[in-house]
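Enquirer: Predicted model and sequence follow; I will ask about them next.
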Amino acid sequence: MIAVPAEAVTVHPLNEQSREILDTGEAAVFGLSPFNGFYRPATVETLLAWAAGRFRHVEAVLPGYETAFGLIACGRAPREAAQSATRAVRRMRAAARRALHASGPNPHDRVNSWTRLINRKRYRELRAQVEDAFRSDGRLRELCREASRGYLMTVLGGEPTPAQIELNLGYVLAELPLVLDLPGITGTRTALLLYNRPWPLQLALWNGEVPALAPAPGHGFATIALAVEPAVAPAVEQAAPPNAGTRGAQS
């Protein structure tokens, strides 16, 4: 495992609840995004190796087949989109498993796609809760469509059509359980979601804009950044959709 000093990663908790959860050092869950330029394989390995020295339980989650939704919305043929998404997800999943292999047992069980999380009861419950809220709460529908639109605008370089926005909603809805109750999903008392930036939909939930979808008491969020360059050379990466840079990644 890479030796990563504590100061190699900076962490900024969203609020006091998140700071308290960080201080417990109980559980960290990294959200990974295959087409986000921040998450090079070397960066993923560095982050997870760092977390293994600070938290008692470390997991990583990343989209599975949901990754293809945005590609299809941007005009890729479904088969091509699925193949591109599969390659990107496999590469990132392999980097995460390498980092966790030396930090504890069962690295395969601690790196999961959202698709695979459907096997966990709490994730299924949260998905149902999210879908019910989407049907009944106009504000949530507005927030989800704006999240889908924001991603597509960075990729397309212009305004997406309503149909494109709707095509990409599956990605947004599948991600929402992860910003609501990670302790319930991971089976820990508390858990901190770590990502390289917050996103407006997540902040709206923290601010109480959708009463039916409030983050659980033991759930926290923090942004992360590298203070030093990764200790291993990055692998060749799957290209993102046309015109997509670091900001072209969903969430």
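Expert: In hand now; what should we look at? Numbering: from 1, shown residues only.
Enquirer: Quick one: end-to-end distance for stretch 62-75.
Expert: Start-to-end span of stretch 62-75 (Cα to Cα, to the nearest Å) is 22 Å.
Enquirer: Correction: the previous question concerned stretch 166-184.
Expert: In stretch 166-184, first residue to last residue: 29 Å (Cα to Cα).
Enquirer: Enumerate the positions of that stretch that are buried.
Expert: By 16 or more other Cβ atoms under 10 Å, the buried positions in stretch 166-184 come out as 167-184. In short, each C-beta sits where N, CA and C put it, glycine included.
Enquirer: average model confidence for the top strand by length along the chain?
Expert: Determined from DSSP state E, the single longest strand within the chain is strand 219-226. Average pLDDT, strand 219-226: 97.
Enquirer: strands paired with that strand, and their directions?
Expert: strand 9-13 (antiparallel), strand 191-195 (parallel) (DSSP bridges).
Enquirer: Check which residues of that strand are buried.
Expert: Buried, per 16+ other Cβ under 10 Å, within strand 219-226: 219, 220, 221, 222, 224, 226.
Enquirer: Over to stretch 15-27?
Expert: Residues of stretch 15-27 classed as buried by neighbour count (16+ other Cβ under 10 Å): 17, 18, 21, 22, 24, 26, 27.
Enquirer: can you tell me which residues contact the first one?
Expert: Right, the one you point to is residue 17. Counting by Cβ atoms under 8 Å, 6 or more residues apart in numbering, residue 17 makes contact with 217, 220.
Enquirer: ok but it is inside a helix, no?
Expert: Yes: remark: residue 17 belongs to a helix, assigned using DSSP: H, G, I helix; E, B strand; the rest coil.
Enquirer: measure it to residue 23 for me?
Expert: Counting by Cβ to Cβ, to the nearest Å, the gap from residue 17 to residue 23 is 11 Å.
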